[in-house]
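A.B. asks: When you get a sec, could you give me coordinates for this:
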Amino acid sequence: MHKFLLHKDFFKAFLCFLMGMVAYSVYQEWIIITVQLSMPGNNNKQLVTEQKELTYFFCKANQWHTERSQLLWSKDELHNLSAVIEQWITLGKVEDLLDKKIKLQTATISTDKKTAYLSFNQSPLTQEQAIYQKLRVIEGLLKTIKAQNFTVTQIYFLNNHQPLQDAHLDFAEPWPLDGFTGQ
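C.D. replies: Residues are numbered from 1 along each chain as shown. Next up, the predicted model:
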């Protein structure tokens, strides 16, 4: 009987140790767990897709450029918004506009469908960039989103679900999709 209790206690200790290691790995972001909740009846939204040609905007060498790309477009606006932003980030990396390993953590649209909240794992802007360059990076993303005719009219930029911090630009308020340069 005594050996059975030792075996049982060892199993419990090992299980606690294993759960602790998993929890620590999640905390250190070595393991990332994402959960996508869906409402009953909403599962069919993403199944209806069509291929759509999209235009992406970016500023390089003080000139605006466009890039066209195909994307599977669904009836779910949040899914489409996330896909557009992820492709824009990929384009920014290819064009050497984003020199960090930036990725979109989450995208959320308000219930009135007018405000989007974009949370990145780190800032897409560097402290070394001039204010003009920072504005052009943000303007490129805003123009890209506006060109897709989303219902969203303004965007909050977040870093790890907190307002993006920058020494030159204020991200405490939403940025209008119309941009700020009028171009």
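A.B. asks: those helices in this protein, which residues are they?
C.D. replies: Under the criterion DSSP state H, the chain contains helices at 2-27, 77-94, 131-147.
A.B. asks: okay, those in JSON lines with mean pLDDT, mean neighbour count and distance to residue 70 next?
C.D. replies: To be clear about C-beta, it is placed using only N, CA and C from the backbone, and glycine gets the same treatment. As requested, the helices of the chain are exported to JSON lines (pLDDT from 0 to 100; neighbours: other C-beta atoms under 10 Å; distance: least, C-beta to C-beta, whole Å):
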{"stretch": "helix 2-27", "mean pLDDT": "78", "mean neighbour count": "10", "distance to residue 70": "36"}
{"stretch": "helix 77-94", "mean pLDDT": "93", "mean neighbour count": "18", "distance to residue 70": "10"}
{"stretch": "helix 131-147", "mean pLDDT": "92", "mean neighbour count": "19", "distance to residue 70": "15"}
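A.B. asks: Quick one: those as JSON lines, columns for distance to residue 109 too.
C.D. replies: As requested, those are exported to JSON lines (distance: least, C-beta to C-beta, whole Å):
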{"stretch": "helix 2-27", "distance to residue 109": "27"}
{"stretch": "helix 77-94", "distance to residue 109": "5"}
{"stretch": "helix 131-147", "distance to residue 109": "11"}
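A.B. asks: For residue 60, find the nearest of the ones you listed.
C.D. replies: Among the helices of the chain, the nearest to residue 60 by C-beta to C-beta is helix 131-147 (8.8 Å).
A.B. asks: what residue is smack in the middle of the chain?
C.D. replies: Centroid-nearest residue in the chain: residue 104, 2.0 Å away (criterion: C-alpha atoms, centre = their mean).
A.B. asks: quick one: stretch 106-118 to chain centroid distance?
C.D. replies: 12 Å (C-alpha atoms, centre = their mean, to the nearest Å).
A.B. asks: Next up, the contacts around the residue nearest to the centre of the chain.
C.D. replies: Residues counted as contacts of residue 104 (C-beta atoms under 8 Å, 6 or more residues apart in numbering) are 82, 85-86, 89, 118-120.
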